Every structure is written in structure tokens, then in C-alpha cells.
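> I'd like to go over a predicted model; first the sequence, then the structure.
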Amino acid sequence: MIYVSFTTDDQERTKSVSENTPHDLVLDQNIDVKCRFSLEGTYLQVSPNCEYLLGYTEQELIDQNYQDFIHPVDLKKLHMQLEKMNDSIETFSFRIQHKDGHYIWMETTVAFIPHPETKQYVEAIAVARDISHRKKTEQHMMESEKLSVTGQLAAGIAHEIRNPLTSLKGFLQLLKMDNDHRDDFFKIMEAELTKIETISNELMVLAKPKQTDFKFHRLQSLLEHVIMLLDSEAFRHSIQIEQELTEESLYVYCDDTKCKQVFLNILKNAIEAIEQDGKINVKVFKEDEHTAVIEVKDNGCGIPKHLLKKLGSPFFTTKKTGNGLGLMVCYKIIEQQNGSISIESEPNEGSTFTIRLPLYMA
């Protein structure tokens, strides 16, 4: 396994260096910090401007390992990215600790250098650039977006809860005047209270997620359990759920309860998108050595393209009933599992939900 550190966004410059000076890296004093590393990750050579950027002299870094300077949260992710790296030049972003203790966001392009005769990798080079200002700008934009979403949530909550509350208030007044239909009134009131409870529970997941319980789980087993739970509902709607699960056991490091919640939500959405006599195809396969894919495809009503970007927004839904929070919760859960969700859809043809999760070999 080969580890390298530091950051850059000047891939052409790194490529030129890697091709023309494999053992004698030219280190100038421009804004980029250039480094040479051993395959174990120790610094062999550092450009002088590193002291200006990170506070360390070249002598202080030589024979030190890059892992000792990277933010612990970023280090594990970087290891995974480097494991995927092949002969190409790759760019990474992570935080490096300044000599005075604070962290600086860096962006890096890394290239491995082969021996001219044996072609075996002997060291690596990297070019680093400070992107802290860019990250701060992005953070400000994210905070502004959060405030916008908070406003949308507040407006949506007021609307979604006001309706059942108005209904409850009306039926309480009816109960004072009409005792003959109290059982019917109670059923309706109970249903309205259930709506409020559902909204409250989903908001709690978004606002204050429960502590996750990450363990190794066989992905196919999680899907099979969820499909079994929905078999009777699919049967009632004359919907066939087809399974194409790869025979190779795929293991993911996840919270199984939360992952099942996501699979259940997406499969229920697929069932609801099909009026009758439809088909849902659930496929699980290995995309590459590091990624497992779950694909849920239905032949339901589909979603217009102009609405796809709105999916996952608070209180936006294409269903006759629902509040849009379910899919929003799914996005958040998969993000917590270091995965992603993508959606493709065509009106009157159906939709495909694709979930990607990091793959681990048990």
C-alpha cells in the first residue's frame, strides 16, 4: 500500500514533474508547496515555501510521516482514496496541521514515480496549495443554504401541522354537540394525531439523529429482509418484486436499522408509484473493489425531469399523500453511511433509485 500526502490543483505541473524529473524534483518557491515522499509516507524533500505556509522548515519535516500532520477525521478517508489510486494522477482535499496547532485546508495532486529500469514505484511527489479561503467561502454558502432550508422547514411544519390541528379542533367542537358519532370522530382524530406524530418523528431524525451503531453487515441480507416485509403489500397491489442479487457476498460497514429504513422507504415509494400490475426490480452488485450498488427500478408513473431536483427537499412530494420528509431522511442517512443516492426517471416509464455504499471485505 502506498501513502502520499499534501495537495494541489495543478495536475499538468505535477504530470510534467513526474515525467521529466522522477528522482530529482525541482522545488521552486512559488505559491505551491512541492514534496517528495517515500512509499511509506515519509518526507524526502520539501520546497522552502512550506515554512511560509505551514510553519515547518524542510529540516523539521524530513523523515517525518505525513500521517502525523493530517486531521484525524480526514486521514481515514484519504487512505481509502489512495487505495483506489492506480497509475493516474489524483487530487485530494484534506486538512494539514500548522506548526502553531491550527489546521489549513490543502488541495493536492499526487503522482507515483517509477524506477526508470524496473518500472517499480520508488517514491511519490505531491504539489500542495492552500484552499482555506475557498473552503471558508463554501462554508458560508452552506450556512446560508441551511438558513434557507430552516425557513422552508419552519413554513412547511406550520402548514403540515396546522391542517390536522384545525381538523382536531373542529371534531372536538362536534363532539360537544353530537355524541351519536363519537366513535367515527375518534377514528378521524386518531388519524390526524398519527400524521402529527409521523412528522415529528421524521423531523427528529433530521434535527437530532440517534447514535449510529455501525457494524459489518451482508448487504444482500438487509435487502432480503426488507423485501420480505413488503411482499404482502406488493401482492395486494399485484406488483412483482424481482431480485437480482449478486452471489458474491457484499459487506458494508453500516447501521443496519437505518439502512433498512432507507430501503423500506424507497421500495414503498416504488410500490406507491405503480397503480396496479407492475414490476419492481431490485439489483445488488459490486461496481468496483470499493463500491456496492443497490438499484431499485419500477415501471410506475415516473417523475417529470423538472421535479427531480426538488426530490429530497422538505415537504416536497409527488405523491397524493406524504410530506416529503421520508426521502429527505433517506438522503441524510445514506450521507451518514458515506454513500450517495441518485435518481433517474421518465414520466409514464418509471424511476430508478441508485444507492452507492462503501464496500468492505469481511
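On my side now, so go ahead. Numbers count the residues shown, from 1 in each chain.
> burial measure for residue 114, as a count.
Using other C-beta atoms under 10 Å, residue 114 has 14 neighbouring residues. Where C-beta positions appear, they are placed from N, C-alpha and C, glycine not excepted.
> mind listing what the nearest residue to it once chain neighbours are set aside touches?
The shortest distance from residue 114 to any non-neighbouring residue, by C-beta to C-beta, 6 or more residues apart in numbering, is to residue 121 (5.5 Å). Contacts for residue 121 (C-beta atoms under 8 Å, 6 or more residues apart in numbering) come out as 2, 39, 112-115.
> may I see the buried residues of the longest strand belonging to the chain?
Counting residues, the longest strand found in the chain (DSSP state E) is strand 103-114. Residues of strand 103-114 classed as buried by neighbour count (16 or more other C-beta atoms under 10 Å): 103-113.
> quick check, nearest of those to residue 89?
Set against residue 89, the nearest of the buried residues of strand 103-114 by C-beta to C-beta is residue 111 (4.7 Å).
> how close does the closest one sit to residue 229?
Per C-beta to C-beta, to the nearest Å, residue 111 is found 49 Å from residue 229.
> list the beta-bridge partners for the residue nearest to residue 58 when sequence neighbours are not counted.
Nearest residue to residue 58 in three dimensions, chain neighbours excluded: residue 46, at 4.5 Å (C-beta to C-beta, 6+ apart). In this entry, residue 46 is beta-bridged to residue 35, by DSSP bridges.
> mind showing which ranges of the protein have poor pLDDT?
1-31, 86-88, 141-160, 198-199, 201-212, 308, 310, 312-325, 361-362 (pLDDT under 70).
> okay, strands next: where are they in the stretch 251-362 of the chain?
Remark: strands assigned in the stretch 251-362 of the chain by DSSP state E, counting those that start in this stretch are 251-254, 279-288, 291-298, 340-346, 350-358.
> got CSV for those, with mean neighbour count too?
Output for the strands of the stretch 251-362 of the chain, formatted as CSV (neighbours: other C-beta atoms under 10 Å):
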stretch, mean neighbour count
strand 251-254, 20
strand 279-288, 16
strand 291-298, 21
strand 340-346, 15
strand 350-358, 20
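> now render those as CSV, adding distance to residue 82.
Below are the strands of the stretch 251-362 of the chain laid out as CSV (distance: least, C-beta to C-beta, whole Å):
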stretch, distance to residue 82
strand 251-254, 18
strand 279-288, 15
strand 291-298, 16
strand 340-346, 20
strand 350-358, 14
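> show me where the stretch 101-250 of the chain has helices.
Under the criterion DSSP state H, counting those that start in this stretch, the stretch 101-250 of the chain contains helices at 132-177, 182-207, 219-236.
> can you point out the buried residues in the last one?
Taking 16+ other C-beta under 10 Å as the basis for neighbour counts, the residues of helix 219-236 that come out buried are 219-220, 222-223, 226-227, 230, 234.
> ok, which pair from those is furthest apart?
219 and 234 (20.6 Å).
> list the contacts for the residue nearest to residue 58?
27, 33-36, 56, 58, 61-62.
> PyMOL command for the buried members of those?
Here is the PyMOL command that selects the buried residues among these (16+ other C-beta under 10 Å):
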select buried, resi 27+33+34+35+36+56+58+61
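> closest to residue 259 among the contacts of residue 46?
The nearest member of the contacts of residue 46 to residue 259, counting by C-beta to C-beta, is residue 35 at 39.5 Å.
> surely the closest one and residue 128 touch.
Yes - between residue 35 and residue 128 a contact is recorded at 6.9 Å, counting by C-beta atoms under 8 Å.
> list just the nearest of the buried residues of helix 219-236 to residue 166.
Of the buried residues of helix 219-236, the one sitting nearest to residue 166 (C-beta to C-beta) turns out to be residue 230, at 33.5 Å.
> which non-adjacent residue is nearest the closest one?
Spatial nearest neighbour of residue 230, chain neighbours left out: residue 267 (5.5 Å); criterion: C-beta to C-beta, 6+ apart.
> how far away is that neighbour from residue 232?
Relative to residue 232, residue 267 is positioned 13 Å away (C-beta to C-beta).
> same thing with residue 51?
Taking C-beta to C-beta, one finds residue 51 at 68 Å from residue 232.
> residue 123 now?
Using C-beta to C-beta, residue 123 is found at 61 Å from residue 232.
> now swap in residue 54 and tell me
61 Å.
> can you check residue 89 too?
The gap separating residue 89 from residue 232 is 53 Å, by C-beta to C-beta.
> again, but for residue 32
In this view, residue 32 and residue 232 are 62 Å apart by C-beta to C-beta.
> ok, now residue 49?
Look at residue 49 and residue 232: by C-beta to C-beta, they are 67 Å apart.
> and for residue 133?
56 Å.
> against residue 44, how distant is the closest residue to residue 334 other than its chain neighbours?
Excluding the flanking residues, the one nearest residue 334 by C-beta to C-beta, 6+ apart is residue 341, at 5.3 Å. Residue 341 sits 42 Å away from residue 44, taking C-beta to C-beta as the criterion.
> and if you look at residue 178?
Counting by C-beta to C-beta - residue 178 and residue 44 are separated by 87 Å.
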